[in-house]
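**Q** Everything below, folded, please.
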Amino acid sequence: MNDNITSVTALYDSHVHWLMTGEKKSYFDVQYFKTLSAIPENPFDPKNFRGDWIFGFGWDDSQISTETPFAELDRLDSVSPMCFIKKDAHSCLLNSAALKIILPLIENIPALAPFIERDGNSQPTGVLKESAFYSIYSYIPALSNSEIRRCLLEAQDYFLKKGFTHIRDMTCSLAQWNVLKAMQKSGELKLFAEINFNAETRTHAIETILPFVQKESIDAHNNLKIKGVKIFSDGSLGSNTAWLIENYNGSDQNGYNLWSNEDISEVMRCCWQSNLEFSVHALGDKAVDNVVDIARSLYGQKIRGYLNLEHVQLVAPETIVKMKSLFVRCHMQPSHWLSDKKFLKDKLNPKTMKNLFSWEALRRAKVPISFGSDSPIEDADVELAHRALEDSKAAGIEELNAPFFEFYSYPNPTGEWSKAKTYLDGYKPVNVELPPAHTGN
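**A** Numbering: from 1, shown residues only. Below you'll find the predicted structure:
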């Protein structure tokens, strides 16, 4: 008998993309192939199509062996528009058919131009990043309510089988919310879910999302809880769009601040004055520091509320000190270490590397932390997270000096939300191996 095996119930994943977790199951899986050129001819199933578009997921830079990546997709299909989403979900690769549709619509928009990757001859490579990538969804068929329901149910089944009964969804839309309410009414909803609505712009947040959320929050929704608004203030390390204090290695740029400080401040203020939480994707150390400074400025005006910092993959020690005066929680994903470690030393200078995955420094400073998966970017798997913590420790990341299961507990252990079990409708408890007990403070 292994005394370190435990039966886990009511795990909390503090950062998921619920709908996309289900959507990914219908995408062509690019991760199985060493390179894009290794994908065989005619690989697609009907489920890979969305309208006449073909979707795939999971590539990274190591799989591309040409300066014209779109040509690698043209080999597979040059007629149907094709979109392969990068593993970090902050970039996509289009084939020439998709470029012919999308480029004329976006290349003359100044805010999008920096995110259209071009080669040395100023020709598009097929890679779109951040807002240029997200803009394509305005030009492809939207998911129907029945498709949204199917994706949510498939993702729900996945989370429950992994032992997660509580999730925090970070990219809900108005259409998804209405489907969730119908699922609640029909008895199909088994998860307990905190809901954050994704805001694309300041106008979208203030004129569309906030009025909708205020109206919907009047009624109780059982195991659905509306928490607030979420924005993306920077990007990812994999796409070189995370906003850093120092430049990327071999580059004269340090990433992107995707929202102006004025817009971040205004949406933060409106959320807090509406008694809603404000959540910010802030992965780079400059992005984290910037958002903390904006929050501290509002606190100085006696405008206060709950701030959630998403990812916090890099954070400077001086920023952690500034966090201590705020109602802030950092939502981190240990498994990102396993995906990103292969390129970190190539992208980041030694000074920046010191700010990586500072979960122990945050814990020691008594800044609240929750762990999650960022599903579907990483698997929702506590054993994977444990492996990441052990592997990062071996690589020099400061060890988390506390039982890591504490960070998968729902942070408000009172009321009905603490009573959920994985025994719902035949789901069995998940057996996971506990890490060795910690004896430090």
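**Q** Report the central residue of the protein.
**A** The centroid of the chain falls nearest to Asp374 when counting by Cα atoms, centre = their mean (4.6 Å).
**Q** What separation do you get for it and Ser186?
**A** 29 Å (Cβ to Cβ, to the nearest Å). Yep, even glycine has a C-beta here, placed from its N, CA and C like the rest.
**Q** same deal with Tyr139?
**A** Taken as Cβ to Cβ, the span from Tyr139 to Ser186 is 33 Å.
**Q** between the two, who's got more neighbours?
**A** Ranked by neighbour count (other Cβ atoms under 10 Å), Tyr139 and Ser186 place Tyr139 first, with 13 against 9.
**Q** Would you mind measuring from the more buried one to Pro110?
**A** For Tyr139, the distance to Pro110 (Cβ to Cβ) stands at 19 Å.
**Q** Ok, Met353 next?
**A** Going from Met353 to Pro110 by Cβ to Cβ gives 34 Å.
**Q** Comparing those two, which residue is more hemmed in?
**A** Between Met353 and Pro110, counted using other Cβ under 10 Å, the more crowded position is Met353 (15 against 6).
**Q** Now do the same contact list for the more buried one.
**A** Going by Cβ atoms under 8 Å, 6 or more residues apart in numbering, Met353 touches 344-345.
**Q** switch the cut-off to 7 Å
**A** The neighbours of Met353, taking Cβ atoms under 7 Å, 6 or more residues apart in numbering as the test, are Leu344.
**Q** Just list the residues touching the residue nearest to the residue nearest to the centre of the chain when sequence neighbours are not counted, thanks.
**A** Nearest non-adjacent residue to Asp374, counting by Cβ to Cβ, 6 or more residues apart in numbering: Gln333, 4.7 Å away. Going by Cβ under 7 Å, 6+ apart, Gln333 touches 15, 311, 371-374, 378.
**Q** I'd like these as CSV, with distance to Pro317 and secondary structure appended.
**A** Shown next, in CSV, are those (distance: Cβ to Cβ, whole Å; DSSP: H, G, I helix; E, B strand; the rest coil):
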residue, distance to Pro317, secondary structure
His15, 23, strand
His311, 18, strand
Phe371, 21, strand
Gly372, 24, coil
Ser373, 27, coil
Asp374, 24, coil
Glu378, 26, coil
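**Q** which one among the residues you listed gets closest to Ser37?
**A** Glu378 (25.8 Å; Cβ to Cβ).
**Q** surely that closest one meets Met332?
**A** No: between Glu378 and Met332 there is no contact under Cβ atoms under 7 Å: 11.7 Å.
**Q** quick one on the thing from earlier: please look at the residue nearest to the centre of the chain and Asp13 and confirm they touch.
**A** No: if you go by Cβ under 7 Å, Asp374 and Asp13 don't touch, sitting 9.1 Å apart.
**Q** List the residue ranges of the chain that fall below the pLDDT cut-off.
**A** Within the chain, the segments meeting pLDDT under 70 span 1-9, 412-441.
**Q** how is it carved up into domains?
**A** What automatic domain parsing lists as the domains of the chain is 52-138, 145-433.
**Q** export these to CSV and tack on distance to Phe28?
**A** Listed next are those as CSV, based on distance: least, Cβ to Cβ, whole Å:
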stretch, distance to Phe28
domain 52-138, 4
domain 145-433, 14
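**Q** Does the residue lying closest to Val328 once chain neighbours are set aside have any beta-bridge partners, and if so which?
**A** Nearest non-adjacent residue to Val328, counting by Cβ to Cβ, 6+ apart: Leu307, 4.6 Å away. Counting by DSSP bridges, Leu307 is bridged to Phe278, Val328.
**Q** which residues does Leu307 contact?
**A** Leu307 neighbours (Cβ under 7 Å, 6+ apart): 278, 295, 326-328.
**Q** List only those of those flagged as buried.
**A** Buried members of the contacts of Leu307, scored by 16 or more other Cβ atoms under 10 Å, are 278, 295, 326, 328.
**Q** re the thing from before, of all the contacts of Gln333, which comes closest to Asp157?
**A** Distance ranking of those against Asp157, using Cβ to Cβ, places Ser373 first at 15.5 Å.
**Q** Torsion angles phi and psi at the residue nearest to the closest one when sequence neighbours are not counted?
**A** In this structure, Ser373 finds its nearest non-sequential neighbour in Ala380, 4.1 Å apart by Cβ to Cβ, 6+ apart. Note on Ala380: its backbone torsions stand at phi -80, psi 90 [degrees, to the nearest 10].
**Q** which ones are touching Ala380?
**A** For Ala380, the contacting residues are 13, 16, 159, 162, 164, 373, by Cβ under 7 Å, 6+ apart.
**Q** Go again with 6 Å.
**A** Ala380 makes contacts with 13, 159, 162, 164, 373, as judged by Cβ atoms under 6 Å, 6 or more residues apart in numbering.
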